[in-house]
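S.K.: Dropping the sequence and predicted coords here.
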Amino acid sequence: MIYINKDNMYNYLEMNRYCFFDLRYKIVINTKETISTCIDFVEKNISNRFTLDDLALYTGVSKYYLHRIFKSLTGQAIMDYVQSRKLTSSINELVNTNMRIIDIAMEYGFDHEQSYIRAFRKKFGYTPLKVKSEQLSLQIQEKFNINDIMSVQNSVTFKPFYIFKQKFNLVGKKYKIQSRSGDNAANTHGKEFFYNHKNSIANPVNPDIYFGYTDWSNYEDGYVSYIPSVQVPDLGNIPEGMTGISIPAHKYVVFRFVGFFRPDDIKGRQVGRVLVHLYRRWITNSGFKSAAPFEFEYIDTSLSNDNYCELDIYQPIKDREKVFDS
């Protein structure tokens with residue numbers, strides 16, 4: 001026999017009330033719509049202070065349920081996502097304005113300058129001052145793309161992530177290619193450069209990292225320009241027969257292609273599948289648009305062997321015009 005006093009009865013009723021409501025939520029609430037509403041609230045209040053209780057009240061679900069579904073679909077706790085979005089958004093003021101760090105901290109709802117600095121360093125691995133003064137690349141937290149929700153917990157290969165990359169320089173050989181995704185010309189030129197010409201470039205930042213820069217500004221004329229290259233500190237020493245380019249600071253969406261073969265064996269058709277996903281499927285359904293008519297491939301050959309390679313495709317992006325309901 002179980003003895004139930006007043007306090008036990010209250011706890012019992014509360015527990016069953018939440019169990020009942022969570023069951024009802026599972027049945028009647030559109031999970032994708034709930035997450036979308038939550039994400040929009042975060043974006044509209046990026047400079048304000050708010051709690052999980054505020055998010056739960058706005059979306060109309062229990063905070064327990066909201067926390068659970070958000071983490072299961074995105075892989076991170078909802079308030080961790082909120083802080084990451086605030087820190088990512090603050091990079092604009094940090095890099096592009098003369099605002100003091102303490103003012104940026106207050107702008108994004110941090111109680112103290114040191115709280116902002118600690119959170120920033122924990123997220124990005126650098127202090128705000130170091131990011132402001134040096135050319136660094138940061139893995140940033142962009143607004144969660146609701147159209148990725150079906151692929152978060154399955155085996156989709158091309159799930160994107162986001163990088164903010166400061167201005168950098170490349171030196172390599174420039175080629176015209178008639179098709180940017182249907183043949184193996186880029187692969188042929190890339191291997192020729194990497195094995196026969198790369199070593200003539202003085203002081204590469206990292207000789208193991210290959211960049212395949214594609215400029216499609218002449219695509220309407222029937223060709224693209226392809227530059228297999230390496231990163232250099234500056235463009236003061238370009239070998240004869242090569243070209244140098246300086247790429248401004250950008251925000252990028254990055255798609256990772258994983259192959260169980262050597263990087264030498266990457267084919268144009270395989271890269272083309274990634275590009276089709278990038279342009280026709282992801283970009284058109286996201287909150288972003290292309291920021292410039294180029295992309296580049298990034299291969300760290302030190303990670304590769306006869307049975308494995310990683311190819312990252314970087315596409316510069318910018319936000320589409322945001323329209324929120326009042």
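M.R.: Great, that's in hand.
S.K.: Next one: residue 285 relative to residue 161, how far apart?
M.R.: As judged by CB to CB, to the nearest Å, residue 285 and residue 161 stand 17 Å apart. Any C-beta I mention is one placed from the backbone N, CA and C, and that applies to glycine too.
S.K.: actually residue 81, sorry about that
M.R.: 14 Å.
S.K.: what do you get for residue 212?
M.R.: 19 Å.
S.K.: what about those two, which has more around it?
M.R.: residue 212 (25 against 14; other CB atoms under 10 Å).
S.K.: Let me know the helix or strand that the more buried one is in.
M.R.: Per DSSP states H and E, residue 212 falls inside strand 209-215.
S.K.: Are there helices or strands packed against the helix or strand that that strand is followed by, and which ones?
M.R.: Next along the chain after strand 209-215, taking DSSP H and E as the criterion, comes strand 224-232. On a contact count with 3 or more CB pairs under 8 Å, 6 or more residues apart in numbering; DSSP states H and E, strand 224-232 meets strand 168-172, strand 175-177, helix 185-196, strand 209-215, strand 243-247.
S.K.: which of these is buried the deepest?
M.R.: Counting by mean count of other CB atoms under 10 Å, strand 168-172 has the highest mean neighbour count of those, with a mean of 23.
S.K.: relative to strand 209-215, how tilted is that one?
M.R.: 90 degrees (axes from the mean of the first three to the mean of the last three CA atoms, to 10 degrees).
S.K.: Could I have the CA atoms of strand 168-172 written out in PDB?
M.R.: What follows is strand 168-172, C-alpha atoms only, in PDB (Å, rounded to 0.1, in the frame of the first residue of the first chain):
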ATOM      1  CA  PHE A 168      43.800  35.600 -47.500                       C
ATOM      2  CA  ASN A 169      46.000  35.200 -50.500                       C
ATOM      3  CA  LEU A 170      46.500  32.400 -53.000                       C
ATOM      4  CA  VAL A 171      49.100  31.800 -55.700                       C
ATOM      5  CA  GLY A 172      48.700  29.200 -58.400                       C
END
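S.K.: Quick check: neighbours of it in the sheet, parallel or antiparallel?
M.R.: strand 224-232 (antiparallel), strand 243-247 (antiparallel) (DSSP bridges).
S.K.: so how far is that strand from its chain's centroid?
M.R.: 22 Å (CA atoms, centre = their mean, to the nearest Å).
S.K.: what's next to it, contact-wise?
M.R.: Contact partners of strand 168-172, identified using CB atoms under 8 Å, 6 or more residues apart in numbering, comprise 135, 193, 197, 201, 211, 213, 227-235, 238-239, 242-247, 296.
S.K.: mind redoing it with 7 Å?
M.R.: For strand 168-172, contacts defined as CB atoms under 7 Å, 6 or more residues apart in numbering pick out 135, 193, 201, 211, 213, 227-232, 234-235, 238, 242-247.
S.K.: tell me the mean pLDDT for that strand?
M.R.: Across strand 168-172, pLDDT averages out at 98.
S.K.: what angle do that strand and helix 185-196 make?
M.R.: Going by the same axes, to 10 degrees, strand 168-172 makes 90 degrees with helix 185-196.
S.K.: now the chain, which segments are flagged as low pLDDT?
M.R.: Filtered on pLDDT under 70, the chain yields the residue ranges 1-31, 72-73, 75, 147-159, 179-183, 258-261, 266-283, 321-326.
S.K.: now with 50?
M.R.: 1-29, 150-158, 180-182, 323-326 (pLDDT under 50).
S.K.: Ok, which of the strands paired with strand 168-172 comes nearest residue 37?
M.R.: strand 243-247 (36.9 Å; CB to CB).
S.K.: export the closest one as PDB, just CAs?
M.R.: Presented in PDB, the C-alpha positions along strand 243-247 are these (Å, rounded to 0.1, in the frame of the first residue of the first chain):
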ATOM      1  CA  THR A 243      48.900  34.200 -60.800                       C
ATOM      2  CA  GLY A 244      48.000  35.600 -57.400                       C
ATOM      3  CA  ILE A 245      44.600  36.500 -56.000                       C
ATOM      4  CA  SER A 246      43.600  38.200 -52.800                       C
ATOM      5  CA  ILE A 247      40.200  37.000 -51.400                       C
END
